[in-house]
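1. could you look at this predicted model? Sequence included:
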Amino acid sequence: MSKKIFILNSYLNLFFYSYKYFYLDLYIVNKLFIYLYSFFNLNKYINIIFVNKNYIKFLNLKYRCINNYTNVLSFNYNYFNKINIKNDLLGEIIICTEIIFIEYKKNYIYNFLKLLIHSFLHLIGFNHINKLDYKKMKFYELFFIKNF
């Protein structure tokens, strides 16, 4: 599988293994993450990896025991601490633009950015296991999508 790598800033790397249905303004992604990093005062970097639907299904089965497609997966390496990686890597966001396009044809970019925010929040420790956590996470998602 061929890949292209874009280093948007000192904290964000993008790896493209799949281009299907792909449209994205890298300037907007960079602007979003600069905003998120400054809001939370972070100094660790994140890898965002774009994959095809078969590979994300494989990862979903391997790491979540769910044999189905998903639009995005987040891996917080500080939380799991199973992989011996430098401490300056917060984690990775694995994203499938093909699935996102199928799910959100009309508002693709908006929902793509919302999923990036959602995944970022998981990387810094947010979850939606109970109703209160779900509401808090939804609040931040909407806050960031409106204000960046």
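-> Perfect, thanks for sending it. Since the structure is predicted, the reported quantities are computational estimates derived from the model, not experimental observations.
2. make it CA atoms for all contacts and neighbour counts henceforth
-> Noted.
3. could you pull out the strands for the chain?
-> 4-9, 12-16, 45-50, 72-76, 89-95 (DSSP state E).
4. which other helices and strands contact the fourth one?
-> The criterion is 3 or more CA pairs under 8 Å, 6 or more residues apart in numbering; DSSP states H and E, and the helices and strands that strand 72-76 contacts are helix 53-64, strand 89-95, helix 108-123.
5. just to revisit the earlier point, go through the strands of the chain and find the least confident stretch.
-> Among these, strand 4-9 has the lowest mean pLDDT, at a mean of 53.
6. picking that back up, which of the helices and strands packed on strand 72-76 sits most buried?
-> strand 89-95 (a mean of 22; mean count of other CA atoms under 10 Å).
7. pairing partners for that one, with directions?
-> strand 45-50 (parallel), strand 72-76 (antiparallel) (DSSP bridges).
8. what sits up against the last one?
-> With contacts defined as CA atoms under 8 Å, 6 or more residues apart in numbering, strand 72-76 is touched by 56, 60, 90-96, 115, 119-120, 122-124.
9. wait, which of these is closest to F33?
-> F120 (8.9 Å; CA to CA).
10. contacting residues around that closest one?
-> So F120 contacts 74, 93 (CA under 8 Å, 6+ apart).
11. how near is it to K62?
-> 21 Å (CA to CA, to the nearest Å).
12. from I94, how far out is K53?
-> K53 is 11 Å from I94, by CA to CA.
13. any weak-confidence spans in this protein?
-> For the chain, the stretches with pLDDT under 70 are 1-25, 78-87.
14. rerun that using 50 as the cut-off
-> For the chain, the stretches flagged by pLDDT under 50 are 1-3.
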